[in-house]
Structures are given as C-alpha cells and as structure tokens.
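Asks: test case, fold it:
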Amino acid sequence: MTIGDTDGVLERRTPDYRSVVRKLTQLDDEAALHRGEALDWHDTRAAEADEAVRAATQRVRDAEQAVATAQRRLEEVDADVAGLWAEFSHKAGRRADRFGGAPQPQIPRQRDREPEDYLQEAATHAAWNPAVKPLKGASMLYAGLGALGGAVGLAAWSLLRWAGRESGGDLATGLPVVALIVALLGPILAVVTAKRVADRSGTPLDASTVATVLIAALITAGLILAVVRTNAAGG
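Replies: Below you'll find the predicted structure:
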C-alpha cells in the first residue's frame with residue numbers, strides 16, 4: 001500500500017514483511033558463516049599455539065638434558081685433569097708447587113678438537129720423565145763394591161781350603177772345589193749389590209758397570225793373593 005504526498009513529489013512506501021524477514025535471514029546466515037570462520041580461525045590458532053608450546057617444552061627438556069650431560073662431562077674432565085696434575089706434580093716436585101694447583105681451563109683458539117684430545121696430549125706431557133742424572137762417583141762406588149766382593153770371595157776361598165787341609169780325608173779333596181765356587185760368589189754378590197744401588201738412584205746397570213765390578217773384584221782378589229803368597233814365601 002502506498003501513501004501519496006500532498007504535493008505529489010515524495011512517495012513513501014511501506015516495507016514488505018517478507019523481504020525484511022528474508023534480509024534478516026540472510027544476515028543471520030552471514031553472521032553464522034562469519035562465526036564459523038571465526039571459530040575455525042580460533043581453533044587453528046589454538047592448535048598452533050598448543051603445538052608451539054609442546055615444541056618449546058620439548059626444546060626445554062632437550063636443553064636440560066644437554067646441560068646435565070655437559071655437566072657430567074665437565075666433572076669427568078675435571079677429574080681427569082686433577083689426576084693428570086697429581087701425577088705431573090708428583091714427578092715435577094717443587095717445580096709444580098709454584099703454580100699452587102692445576103692451571104685454570106682456557107678456551108682454545110681452535111675448537112676443532114675434543115677435550116679427550118687435549119687430555120691425551122696433557123697425559124703425554126705428564127708421562128714425561130726427566131733425564132736421569134748420573135750418580136756422582138758411581139765408578140768409584142762400583143769399583144769399591146767389586147773390590148769388597150773380591151776380598152770376601154778370596155777370604156772364603158782361603159778359609160775353606162785351610163779347613164780342608166786341616167780336616168784331611170774326603171774334605172781335603174772336596175772343600176777346595178767348594179772354595180772355588182764360594183770365591184766366585186763374592187763378585188756375583190757385588191754385582192747384585194751394585195744393581196740395588198743403581199735401582200735406588202734411578203740409573204740403569206749397564207754392561208760396562210757390571211764389567212767394572214767384576215774386574216775390580218778379580219784385581220783385588222789377585223792382589224791380595226799375590227801379597228799373601230809373597231809374605232808366605234818371604235817368611
């Protein structure tokens with residue numbers, strides 16, 4: 001139904017009820033569509049946020065595990081360093097006391113090596129043994145030990161031969177042989193004593209040292225025997 005204006009210029013129309021309802025229905029459908037899109041967007045963003053939180057939580061756990069592993073490795077390396085330093089300071093003696101302890105760790109210039117490589121290199125240096133200083137007066141000492149061994153062997157040889165002559169019988173035949181064996185034991189005991197002295201001083205007992213001991217023992221025994229026989233012949 002239309003209502004005309006008095007001047008015939010303006011015309012007013014009364015809206016149709018069905019068209020209004022149809023427009024409201026369309027608006028409601030559009031609103032429902034927008035609400036669905038908004039819910040989908042919210043759910044998607046919520047799922048992405050939950051996934052990001054789970055990933056961040058996993059990264060935190062991995063980082064904590066890596067920190068714990070690094071801490072254990074650090075403790076192991078520190079223990080190895082302490083052991084190497086104790087070994088080195090024991091060998092170096094007073095020269096290591098000026099440091100007051102193991103040097104503090106430093107970041108190497110080149111980080112292409114593992115800590116075990118540096119520890120192996122340090123262990124090689126710690127295992128270094130300083131050159132053994134020769135024992136002062138070693139030649140005279142070994143010669144003296146040889147002379148003492150020769151004198152003891154000759155004294156035992158003479159004593160057993162005298163005992164054999166005094167006893168007579170089978171002992172007179174057997175004791176000179178035993179005396180000869182006992183005479184050889186003197187230089188051997190001198191070599192054994194020289195070996196102990198060399199071990200305590202940290203110097204090896206080489207063939208020349210053994211020869212020095214044996215030659216000194218033989219010369220001493222020969223000289224004593226010559227002097228005794230000369231005195232006996234002169235008497």
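Asks: would you mind listing the buried residues in the helix or strand residue 155 falls within?
Replies: Under the criterion of DSSP states H and E, residue 155 resides in helix 138-167. Across helix 138-167, burial judged by 16 or more other Cβ atoms under 10 Å covers 138, 141-154, 156-157, 160-161, 164. Placement of C-beta: from N, CA and C, glycine included.
Asks: pLDDT (mean, whole number) over that helix?
Replies: Across helix 138-167, the average pLDDT comes to 77.
Asks: report the distance from that helix to the chain centre.
Replies: Mean-position distance between helix 138-167 and its chain equals 51 Å (Cα atoms, centre = their mean, to the nearest Å).
Asks: what's the neighbour count on the residue lying closest to residue 205 once chain neighbours are set aside?
Replies: Leaving aside its chain neighbours, residue 205 sits nearest to residue 198 (4.2 Å; criterion: Cβ to Cβ, 6 or more residues apart in numbering). Counted with other Cβ atoms under 10 Å, residues neighbouring residue 198 total 18.
Asks: next one: residue 198 from residue 187, what distance?
Replies: From residue 198 across to residue 187, the span is 16 Å (Cβ to Cβ, to the nearest Å).
Asks: ok, now residue 46?
Replies: Distance, residue 46 to residue 187, by Cβ to Cβ: 100 Å.
Asks: ok, those two, which is more surrounded?
Replies: Legend: neighbour count by other Cβ under 10 Å for residue 46 and residue 187, higher for residue 187 (26 against 10).
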